[in-house]
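Sequence and predicted structure are below.
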Amino acid sequence: MSEGMSRAFLAELVEVADRLGHERSRHKKRDLVAGYFSTLEEEDLGLAVAYLSGVLPQGRIGLGNAFLHKWSSVRAAEESTLQLVQVEETLGNLRQISGAKSESRKAALWQALLLRAREAEQGFLLRLLRGELRQGALEGVMAEGLAKALDLDAAAVRRAAMMRGALYEVTPLLKREGAAGFAQIHLRIFQPLQPMLAEPCASVSEAWARLAQARHEYKLDGVRIQVHRQGERVRIYSRSLQELTAAMPEVVRAVSALPAESLVLDGEVISVDGEGMPHPFQVTMQRAGRRQTPQAEIQTLPLRAFFFDCLHAGGQDFIDRPLWQRVEALEREVPAEMRVPALKPASEVEAQAFYDAALAAGHEGVMVKSLDSTYAAGARGASWLKLKDTHSADLVVLAAEWGSGRRRGWLSNLHLGARDEASGAMVMVGKTFKGLSDALLRWQTEAFPAHQVSADAHTVYLAPHFVVEIVFNEVQRSPHYPGGIALRFARVKGYRSDKAPAEADTLARLRALCRLQASPEESTD
């Protein structure tokens, strides 16, 4: 570290993190991080924003839960002088280790880092590497706190973060340039944006009442993709901004054949059968989740991309333009067979008929989007609504119980958690063993132990990692689970490897659904 560089200590950051965990007021959380951020210099500020958001700037560093469980039992230091830049340097070195005896070399470096940390700091580092700190609510608090610390507009800070994919990516620039730095942050081809998201909606009638002048689109049960093209180069990104290009050669070919020299498109990819009907989501994920796809599988499980938004075309950015202009650009650049079926219904009856047609075609439901909405990257707003045939929620697997009978020897019954937006914690809302095929049971039994944090004779408890889509009939009040609610007739639809735990559904959303479904007598309190 060069002479005169700031000395931001891990101990100070851990103290802030601990106080955040005990504070429920969003405003007080914002003020707490703002006060801390205002004391930091440029390099340390970027690291502090990343770590407090639960993000590793290097990405994956190759230390799974099994490794952390095996190599993290070392004595804590009585006093710690660890600086953030020293932690970052060590994590970067760990990421570079590969080849012969790599585990023992990583273990020596990791344990050397832990030996320099006090117990609270060791716990923080473990949670950081396990992904237990990454919380959607905290990312918003970080943006507001950074804006206050740097005396910047919070909405502009959030937008800058969405354009670059993460808040820590823009932090050094905003610290150095202030408000002038916003002018340097714009859409870049091959720099994926966080996708715009939608609010759930209960019925066509509700959607019509909320957004009468809107575009209705089929909601495909596929994998969200963002495609970037510049000349002959095409790259495909997932909703979590991971690259999927090698897994989707047919999509690359289709986009390469489009006339525009430069494009950024938002859409879905699905696998279809010989009749053109969509396969279940898990079949699509089987294809899309591979790093490299065998040619035989491309023939038997072909992927088709359907686009619904155009953020850039032919040298022009459309991200800040209203949806109707983005749709015009989409229709100019992309042929109808590569666009999601859509309609601007003239009446609620027509809207209902379009919804029914989407279901009849094998799709999940419809999206309803305000024609005046700009593309709020990374945000979930009321200008986009999603309407599905069944209630569903993306929940985090907290634990799995060993099965009995024909499921003996397999991890079966899942403990399900929703995200508490106030604390960021995962709160249990139910269990289910329904909907699990033998293939999924086998996969769970192989995959879960790598993310184990503890176990007893009956149950394996997991770090937040696996997101599973659960369909259910209704939400009921229940004293049996910490969330105070339970999902009735819950069953597994499939795992969402394209989603992180921070994107799981919230406890507030499920409680609101419970209130909507309650009888008049039950809802009076």
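Happy to help now that I have it.

so where's the protein uncertain?
1-6, 134-137, 291-293, 378, 515-525 (pLDDT under 70).

Domain ranges for it, per the record?
Listed domain ranges for the chain are 10-183, 197-388, 391-518 (source: automatic domain parsing).

which one of those lies closest to residue 191?
Closest approach to residue 191 among those is made by domain 10-183 (6.8 Å; Cβ to Cβ). Placement of C-beta: from N, CA and C, glycine included.

end to end, how far does that closest one reach?
End-to-end distance for domain 10-183, by Cα to Cα, to the nearest Å: 33 Å.

before we move on, back to that, minimum distance to residue 189: which of the domains of the chain has it?
That would be domain 197-388 among the domains of the chain, by Cβ to Cβ, at 4.9 Å.

Off-centre distance for the closest one?
The chain centre lies 17 Å from the centre of domain 197-388; the measure is Cα atoms, centre = their mean, to the nearest Å.

And it, end to end?
15 Å.

Mean neighbour count for the domains of the chain - can I get that in a markdown table?
What follows is those, written out as a markdown table (neighbours: other Cβ atoms under 10 Å):
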| stretch | mean neighbour count |
| --- | --- |
| domain 10-183 | 18 |
| domain 197-388 | 18 |
| domain 391-518 | 18 |
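
any chance of those domains in CSV, plus distance to residue 189?
Putting the domains of the chain into CSV (distance: least, Cβ to Cβ, whole Å) gives the following:
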stretch, distance to residue 189
domain 10-183, 12
domain 197-388, 5
domain 391-518, 22
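
and of these, who's closest to residue 190?
Taking Cβ to Cβ, domain 197-388 is the member of these nearest to residue 190, at 5.1 Å.

Would you mind giving both backbone torsions of residue 60?
phi -70, psi 140 (degrees, to the nearest 10).

cool, and the one 4 residues further on?
Here the main-chain torsion angles of residue 64 (degrees, to the nearest 10) amount to phi -80, psi 180.

Apart from its neighbours in sequence, what residue is nearest it?
Residue nearest to residue 64 in three dimensions, not counting chain neighbours: residue 450, with 5.1 Å by Cβ to Cβ, 6 or more residues apart in numbering.

distance of that neighbour from residue 143?
Distance, residue 450 to residue 143, using Cβ to Cβ, to the nearest Å: 32 Å.

returning to what we had before: contacting residues for the residue nearest to residue 64?
Contact analysis of residue 450 by Cβ atoms under 8 Å, 6 or more residues apart in numbering lists 64-66.

now do residue 248
225, 236, 269, 287-288, 293, 303, 305.

and if you look at residue 345?
With contacts defined as Cβ under 8 Å, 6+ apart, the neighbours of residue 345 are 216, 351, 354.

Run through the residues that contact the last one.
Read it as residue 354. Here residue 354 is in contact with 216, 343, 345, 366 (Cβ under 8 Å, 6+ apart).

Compile those residues into TSV and extend it with columns for secondary structure and distance to residue 203.
Putting the contacts of residue 354 into TSV (DSSP: H, G, I helix; E, B strand; the rest coil; distance: Cβ to Cβ, whole Å) gives the following:
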residue	secondary structure	distance to residue 203
216	strand	13
343	strand	17
345	coil	14
366	strand	11
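
Give me the contact list for the strand or helix carrying residue 254.
Assigned by DSSP states H and E, residue 254 belongs to helix 249-256. Helix 249-256 is contacted from outside by 225, 227, 229, 232, 234, 236, 245, 263, 265, 269, 293, 298, 302-305, 338, using Cβ under 8 Å, 6+ apart.

For the residue nearest to residue 64, which three-state class applies?
Counting by DSSP: H, G, I helix; E, B strand; the rest coil, the backbone at residue 450 sits in helix.

separation between it and residue 75?
According to Cβ to Cβ, residue 450 stands 26 Å off from residue 75.

do residue 265 as well
Taking Cβ to Cβ, one finds residue 265 at 53 Å from residue 75.

Now the two most distant members of the contacts of residue 354.
Across the contacts of residue 354 (Cβ to Cβ), the longest gap, 10.0 Å, separates 345 and 366.

Could I get the full set of strands for the stretch 351-500 of the chain?
Residue ranges of the strands in the stretch 351-500 of the chain, as given by DSSP state E, counting those that start in this stretch, are 365-370, 380-388, 391-402, 411-419, 426-432, 452-455, 459-462, 467-472, 474-477, 485-488, 491-495.

Out of these, which is closest to residue 162?
Using Cβ to Cβ, the nearest of those to residue 162 is strand 380-388, at 12.0 Å.

strands paired with the closest one, and their directions?
strand 197-200 (parallel), strand 365-370 (antiparallel) (DSSP bridges).

could these go into a markdown table alongside distance to residue 11?
Shown next, in a markdown table, are these (distance: least, Cβ to Cβ, whole Å):
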| stretch | distance to residue 11 |
| --- | --- |
| strand 197-200 | 36 |
| strand 365-370 | 47 |
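
Out of these, the one nearest residue 467 is which?
strand 197-200 (14.5 Å).

what's the next secondary structure element after that closest one?
Downstream of strand 197-200 (by DSSP H and E), the next one is helix 204-210.

So which elements touch that following helix?
helix 348-360, strand 365-370, strand 380-388 (3 or more Cβ pairs under 8 Å, 6 or more residues apart in numbering; DSSP states H and E).

Outside of that helix itself, list whatever touches it.
So helix 204-210 is contacted by 201, 214, 348, 351-352, 355, 366, 368, 382, 385, 387 (Cβ under 8 Å, 6+ apart).

Nearest to residue 283 among the residues you listed?
Set against residue 283, the nearest of the contacts of helix 204-210 by Cβ to Cβ is residue 366 (22.0 Å).

The closest one contacts residue 389, doesn't it?
No. With contact defined as Cβ atoms under 8 Å, residue 366 does not reach residue 389; the gap is 9.9 Å.

sorry, back to before: show me the two of the contacts of helix 204-210 that sit farthest apart.
It's 352 and 382 that sit farthest apart of these, by Cβ to Cβ, at 20.8 Å.

export the strands of the stretch 351-500 of the chain to CSV and tack on distance to residue 81?
Putting the strands of the stretch 351-500 of the chain into CSV (distance: least, Cβ to Cβ, whole Å) gives the following:
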stretch, distance to residue 81
strand 365-370, 53
strand 380-388, 42
strand 391-402, 36
strand 411-419, 35
strand 426-432, 33
strand 452-455, 29
strand 459-462, 34
strand 467-472, 38
strand 474-477, 49
strand 485-488, 46
strand 491-495, 42
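
Residue 179: which of these is closest?
Using Cβ to Cβ, the strands of the stretch 351-500 of the chain put strand 380-388 closest to residue 179, at 24.2 Å.

and the direction of that closest one versus that of helix 348-360, what angle?
70 degrees (axes from the mean of the first three to the mean of the last three Cα atoms, to 10 degrees).

which residues are in contact with strand 380-388?
Contacts to strand 380-388, defined as Cβ under 8 Å, 6+ apart, come from residues 196-204, 207, 210-211, 219, 355, 364-370, 372-373, 376.

Kindly report the same for stretch 275-282.
220-222, 270-273, 284, 301, 361-363, 469, 493-495.

which two from these end up farthest apart in space?
361 and 495, at 24.4 Å, using Cβ to Cβ across the contacts of stretch 275-282.

quick one: stretch 122-134 to chain centroid distance?
The chain centre lies 17 Å from the centre of stretch 122-134; the measure is Cα atoms, centre = their mean.

err, stretch 181-189, not the other one
So, by Cα atoms, centre = their mean, the centroid of stretch 181-189 is 23 Å from its chain's centroid.

now the end-to-end length of it.
End-to-end distance for stretch 181-189: 19 Å, by Cα to Cα.
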